[in-house]
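S.K.: Generate coordinates for the sequence data below:
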Amino acid sequence: LLVITMLKGLDAFSKPRHDLREQSALGGLITLVAAVAAGCLFLGQMYTYITGVTRHSLHLSESQWVPVRHLDAPSGYGEAGRIPLNIYVSFPHLKCSRMDMNHDGVSYKDSSFRKIHGTNTKIVTRPLTVAEWKKSTGIANKEPSQQDLSDGCTYSAKFDIPKVGGNFWVGMSSSRFKQIAPLLFLGLSFGSSVNEATQGTNVSSNNVTHYIHSITFGEIFPLSENPLKDDIHVVNNKDSGGIALANVNVKLVPTRYQGFFTTRNMYQLSVTEHIVQAATMTQQGSRFLPGLAVSYDFVPLTVNHVEARDNPFVFLSSLVSIVGGVFVTVSLVTGCLVHSAAEIAKKID
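M.R.: Numbers count the residues shown, from 1 in each chain. Next comes the predicted model:
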């Protein structure tokens, strides 16, 4: 009994007698509004906790040693310092027999290419499909003939590259370029070229217009768009028969994506593009042949993207504060209003 008496003395939540409390319709309405407000805030807090919060920060990239892979290197040598490069490009007017691809000056037709880039190297060249032809020519309301499809070429490649700057090129082969180079030097016309109104018809067989379905370096950051996806380079020069070089410069921004359960290393891309005309290529001695040339480099900064949830105890304290704070605030405000109204009524009387 003594303990119970002591506990009663410590009760900070004394209850008034039920018959002394006065209830009204206005009080019920105020309580209902407070309950709705507390419920909305409660659901908002729950949503914020479930979806988590996102934090961004920028740091210098960690220095790492990337071994140079020599031709006699054993399988798996230097794989830790490499990322996969995926290339998917269509040339609607250039046959596969007149094309080539290289990375850092080494052609994929060279036997050393697979030794340098690893056993996971996969490169496929084939004629265009109907969907690829329509995308790369921009002609959606016409069905291509078998000849139209075989006159083009699609390159699909996947191989590993070291995490250092480099370049790759896809386009007209050197043997084909040697055949037409004298015409470029003499300034002779090749005849037909791409016409914007009828693109894909009456086009020179040397035209290097191409459609980039997708080019990816490693794993692309999902919250940013890939600028090297669904990108078309139309070459429309009347005198050079569609011969030019699409020069693309890529800056790779390392991004560490930390989710609720996993951490992944990804890349964001910053791209600039320009077209080098045939006359400029011959006069300045471009190191690349007509087609698509991509030069890339890694930015020495890392973006940290962290998705996390608040501490559970912080979350619970927020919920208690929301529910209790709403009712206490409403009680104080209504008490002040009622008291003020009563005082005003007395003075009026």
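
S.K.: Could you point out which residue ranges in the stretch 51-200 of the chain have low pLDDT?
M.R.: Across the stretch 51-200 of the chain, the ranges flagged by pLDDT under 70 are 63-80, 183-200.

S.K.: The stretch 201-349 of the chain now?
M.R.: Using pLDDT under 70, the stretch 201-349 of the chain drops low at 201-203, 238, 349.

S.K.: Could you pull out the strands in it for me?
M.R.: Along the stretch 201-349 of the chain, counting by DSSP state E, counting those that start in this stretch, strands occupy 210-217, 229-233, 244-258, 263-277, 291-298, 301-308.

S.K.: same check, this time on the stretch 51-200 of the chain
M.R.: 53-60, 82-91, 99-103, 106-107, 122-126, 153-162, 166-172.

S.K.: What pairs with the third one, parallel or antiparallel?
M.R.: Partners of strand 99-103 in the sheet, by DSSP bridges, are strand 106-107 (antiparallel), strand 166-172 (antiparallel).

S.K.: What of the first one?
M.R.: The partner list of strand 53-60 in its sheet, established with DSSP bridges, is strand 301-308 (antiparallel).

S.K.: what does the second one give?
M.R.: Applying DSSP bridges to the sheet, strand 82-91 is found paired with strand 153-162 (antiparallel), strand 210-217 (antiparallel).

S.K.: Reformat those as TSV; add distance to Asn141 and mean neighbour count.
M.R.: The C-beta positions use only the backbone N, C-alpha and C, and glycine is treated the same way. Below are these laid out as TSV (distance: least, C-beta to C-beta, whole Å; neighbours: other C-beta atoms under 10 Å):
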stretch	distance to Asn141	mean neighbour count
strand 153-162	22	20
strand 210-217	17	22
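
S.K.: Please convert those strands to a markdown table, extending it with distance to Ser107.
M.R.: Shown next, in a markdown table, are these (distance: least, C-beta to C-beta, whole Å):
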| stretch | distance to Ser107 |
| --- | --- |
| strand 153-162 | 12 |
| strand 210-217 | 18 |
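
S.K.: Give me the buried positions along stretch 314-333.
M.R.: Ser318, Leu319, Ile322, Val323, Val326, Val330 (16 or more other C-beta atoms under 10 Å).

S.K.: Let me have those residues in a markdown table, extended by distance to Ser270.
M.R.: Listed next are the buried residues of stretch 314-333 as a markdown table, based on distance: C-beta to C-beta, whole Å:
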| residue | distance to Ser270 |
| --- | --- |
| Ser318 | 39 |
| Leu319 | 43 |
| Ile322 | 43 |
| Val323 | 47 |
| Val326 | 47 |
| Val330 | 52 |
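
S.K.: Ramachandran angles for the residue lying closest to Lys134 once chain neighbours are set aside?
M.R.: With C-beta to C-beta, 6 or more residues apart in numbering as the criterion, Lys134 has its nearest non-adjacent residue at 5.3 Å, and that residue is Ala140. The phi and psi values for Ala140, taken as degrees, to the nearest 10, are phi -90, psi -20.

S.K.: now for the strands of the stretch 51-200 of the chain, which one comes closest to Leu292?
M.R.: When those are compared by C-beta to C-beta, strand 166-172 sits nearest Leu292, at 5.0 Å.

S.K.: how far does that closest one sit from the chain's center?
M.R.: Relative to its parent chain, strand 166-172 has a centroid offset of 23 Å by C-alpha atoms, centre = their mean, to the nearest Å.

S.K.: Would you confirm that Leu94 contacts Tyr211?
M.R.: No. Taking C-beta atoms under 8 Å as the contact criterion, Leu94 and Tyr211 are not neighbours in contact, 12.0 Å apart.

S.K.: just to revisit the earlier point, of all the strands paired with strand 82-91, which lies closest to Met46?
M.R.: Of those, nearest to Met46 by C-beta to C-beta is strand 210-217, at 36.9 Å.

S.K.: Show me what that closest one is in contact with.
M.R.: Residues outside strand 210-217 that contact it (C-beta atoms under 8 Å, 6 or more residues apart in numbering) are 83-92, 132, 135-136, 161, 170-171, 226, 228-233, 246, 250, 252, 267, 269, 291-292, 294, 296.

S.K.: residues in contact with Pro127?
M.R.: Pro127 neighbours (C-beta under 8 Å, 6+ apart): Cys96, Leu149, Ser150, Gly152, Cys153, Thr154.

S.K.: wait, isn't the fourth one in contact with Ser90?
M.R.: Yes. With contact taken as C-beta under 8 Å, Gly152 and Ser90 are classed as touching, separated by 6.5 Å.

S.K.: Please enumerate the shared neighbours of those two.
M.R.: Leu128, Glu132, Trp133, Ser136.

S.K.: so can I have CSV of those residues showing distance to Ser286 and neighbour count?
M.R.: Listed next are the shared contacts of Gly152 and Ser90 as CSV, based on distance: C-beta to C-beta, whole Å; neighbours: other C-beta atoms under 10 Å:
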residue, distance to Ser286, neighbour count
Leu128, 27, 24
Glu132, 27, 23
Trp133, 29, 24
Ser136, 23, 26
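
S.K.: Those in helices, which ones?
M.R.: Glu132, Trp133, Ser136 (DSSP state H).

S.K.: List just the nearest of those to Asn120.
M.R.: Looking across these and measuring by C-beta to C-beta, the closest to Asn120 is Glu132, at 24.4 Å.

S.K.: Roughly how far does that closest one sit from Ile139?
M.R.: Using C-beta to C-beta, to the nearest Å, Glu132 is found at 12 Å from Ile139.

S.K.: Great, nothing more from me.
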